[in-house]
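Student: Here is my input; please provide its structure:
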Amino acid sequence: MTNQDTQTRWDVRSVSRVAGPARVIEMNLGFMKRMTKAGILAAALALITGGCDSPQQPGPPLSRPADQSEAATRLGVPKDLTLQLGGGVSMKLILIPSGEFLMGSPGSERERKRDEGPQHQVTISRPFYMGIYPVTQEQYAQVTRSNPSKHQTIRGWEAGYVKDIMDKNPARHSGARNPVDSVSWADAARFCEALSGRVGKRVRLPSEAEWEYACRAGTATAFNTGQTLRPSQASYNDNYDRRRGGGWPVETVPVGSFAPNAWGLHDMHGNVFEWCADWYDPEFYKASPAVDPQGPSSGSLRVLRGGAYLFPVRYSRSASRYNIAEGPAFDCIGFRVVVEVQDAPES
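Tutor: A predicted model of the protein is given here:
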């Protein structure tokens, strides 16, 4: 296969991924055209090794986040919660205490968008449990008996280039521990309904406010790691720079590949976008309730948070808001779940 053939096939694959959503991702198509066999190899190798940098812990919060152990003791509930899904498959959640935070981004934040303002004080009055990881393919399949994910293995034309490398570490790309992807908002809602019936308690998607509050974990910076996010801290498309052959992650990574935030939540930045329960309104923050906002009462688009492996790092900022209709399913979209404290089964 010639370099030109490689470039042509990459373009087709990239455009089909990138141009699908209602809002076209701001990607450098010229750079994608320069993606070569060497670039694919470099990206694959980086996925296996986790990149050249050693894992970095999150930066210290600007304000001390609510203590989870103290909250658990006060409420008389466990700090950690495990849902049994059947078949030996379980899901771990962790207590997110009630509290206050500044939602949105300040006007000075680099690459902020208008819908992230005005920045405003929000109170989360009710504690909740949140999945420490996005829902995995194994968990989704156990509950729904299906797995729509595109990222189950390295597939198609890339496989010919990376097969030798992948064979040396096949577990790295096993789908079971990767986040489920290619799920619509409706798919995620149905999963929550099915899991609720299985465990006898209400499982749901987080509100947008709950998601950002949990992501920040007491921080007020652009990321819960500080003002910057490094390739050793999350999976986003800046991970593989031109010095290593160009490109970006070609697949999702197993959940928990990076250090958690101060509340023990992994992958709040990057890997896959995560559905929130809310309808999206770019003007909602101007009149948002100060306590437990649930988003607009109706709309045509749903909120996505957290960024993804295919997107630039600006989409992974704690305040970044993305949106899409609830019907489409793309391979950069997943979700995580919450359980309200009063609905929590015994761990």
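Student: which residues touch residue 180?
Tutor: 134-137, 139-140, 147-149, 334-335 (Cβ atoms under 8 Å, 6 or more residues apart in numbering). The C-beta positions use only the backbone N, C-alpha and C, and glycine is treated the same way.
Student: Show the model's pLDDT score for it.
Tutor: Here, the pLDDT recorded for residue 180 equals 96.
Student: Please tell me how far it sits from residue 85.
Tutor: For residue 180, the distance to residue 85 (Cβ to Cβ, to the nearest Å) stands at 13 Å.
Student: Next: residue 252.
Tutor: Taking Cβ to Cβ, one finds residue 252 at 20 Å from residue 85.
Student: more crowded one of these two?
Tutor: A count of neighbours by other Cβ atoms under 10 Å puts residue 252 above the other of residue 252 and residue 85, at 32 against 18.
Student: quick one: that one from residue 199, how far?
Tutor: According to Cβ to Cβ, residue 252 and residue 199 sit 26 Å apart.
Student: all strands of this structure, in order?
Tutor: Remark: strands assigned in the chain by DSSP state E are 80-86, 89-96, 99-103, 120-124, 128-131, 203-204, 273-279, 302-305, 322-324, 333-334, 338-340.
Student: ok, which stretches of the stretch 51-200 of the chain are helices?
Tutor: Taking DSSP state H, counting those that start in this stretch, the helices of the stretch 51-200 of the chain run over residues 68-75, 137-144, 156-167, 185-199.
Student: least reliable of those helices going by mean pLDDT?
Tutor: The lowest average pLDDT among those, as it happens, falls on helix 156-167, at a mean of 35.
Student: burial measure for the closest residue to residue 112 other than its chain neighbours, as a count.
Tutor: Closest residue in space to residue 112, ignoring its immediate chain neighbours: residue 105 at 4.3 Å, by Cβ to Cβ, 6 or more residues apart in numbering. Neighbours of residue 105 under the rule other Cβ under 10 Å: 24.
Student: Over to residue 228?
Tutor: By the criterion of other Cβ under 10 Å, residue 228 has 12 neighbours.
Student: can you pull the contacts of it?
Tutor: By Cβ under 8 Å, 6+ apart, the contact list for residue 228 reads residue 222.
Student: Was I right to think residue 67 contacts residue 97?
Tutor: Yes - between residue 67 and residue 97 there is a contact at 7.2 Å, judged by Cβ atoms under 8 Å.
Student: neighbour count winner among those two?
Tutor: Taking other Cβ under 10 Å, residue 67 and residue 97 do not tie; residue 97 has more neighbours (22 against 12).
Student: per-residue confidence for the more buried one?
Tutor: Residue 97 is assigned a predicted lDDT (pLDDT) of 97.
Student: For residue 338, see how far away it is.
Tutor: Going from residue 97 to residue 338 by Cβ to Cβ gives 13 Å.
Student: Check residue 302 too.
Tutor: From residue 302 to residue 338 the distance is 16 Å (Cβ to Cβ).
Student: Looking at these two, which has the bigger crowd around it?
Tutor: Per other Cβ under 10 Å, whichever of residue 302 and residue 338 has more neighbours is residue 302, with 25 against 22.
Student: Next one: that one from residue 205, what distance?
Tutor: Computed as Cβ to Cβ, the residue 302 to residue 205 distance reads 9 Å.
Student: C-alpha coordinates for stretch 175-185, CSV please?
Tutor: Only the C-alpha atoms of stretch 175-185 are listed here, as CSV (Å, rounded to 0.1, in the frame of the first residue of the first chain):
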residue,chain,number,x,y,z
GLY,A,175,-12.9,-4.2,25.0
ALA,A,176,-14.1,-5.4,28.4
ARG,A,177,-12.4,-2.6,30.4
ASN,A,178,-12.8,0.1,27.7
PRO,A,179,-15.7,2.5,28.1
VAL,A,180,-18.7,1.6,26.2
ASP,A,181,-19.0,3.9,23.2
SER,A,182,-21.4,4.5,20.3
VAL,A,183,-24.4,4.9,22.7
SER,A,184,-27.0,7.5,22.2
TRP,A,185,-28.6,9.4,25.1
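Student: Identify each buried residue in it, please.
Tutor: Residues 175, 177-185 are the ones in stretch 175-185 that count as buried (16 or more other Cβ atoms under 10 Å).
Student: returning to that earlier point: can you pull the residues that touch both of residue 302 and residue 205?
Tutor: Shared contacts of residue 302 and residue 205 (Cβ under 8 Å, 6+ apart): 275-276.
Student: can you count the residues close to residue 300?
Tutor: The burial count for residue 300: 10, using other Cβ under 10 Å.
Student: What about the nearest residue to it once chain neighbours are set aside? Give its phi and psi, please.
Tutor: Using Cβ to Cβ, 6+ apart and skipping residues adjacent in sequence, the residue nearest residue 300 is residue 325, 6.4 Å away. The phi and psi values for residue 325, taken as degrees, to the nearest 10, are phi -60, psi 150.
Student: hmm, back to that, just put the buried residues of stretch 175-185 in JSON lines and tack on distance to residue 309.
Tutor: Shown next, in JSON lines, are the buried residues of stretch 175-185 (distance: Cβ to Cβ, whole Å):
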{"residue": "175", "distance to residue 309": "15"}
{"residue": "177", "distance to residue 309": "15"}
{"residue": "178", "distance to residue 309": "10"}
{"residue": "179", "distance to residue 309": "10"}
{"residue": "180", "distance to residue 309": "14"}
{"residue": "181", "distance to residue 309": "10"}
{"residue": "182", "distance to residue 309": "13"}
{"residue": "183", "distance to residue 309": "15"}
{"residue": "184", "distance to residue 309": "19"}
{"residue": "185", "distance to residue 309": "20"}
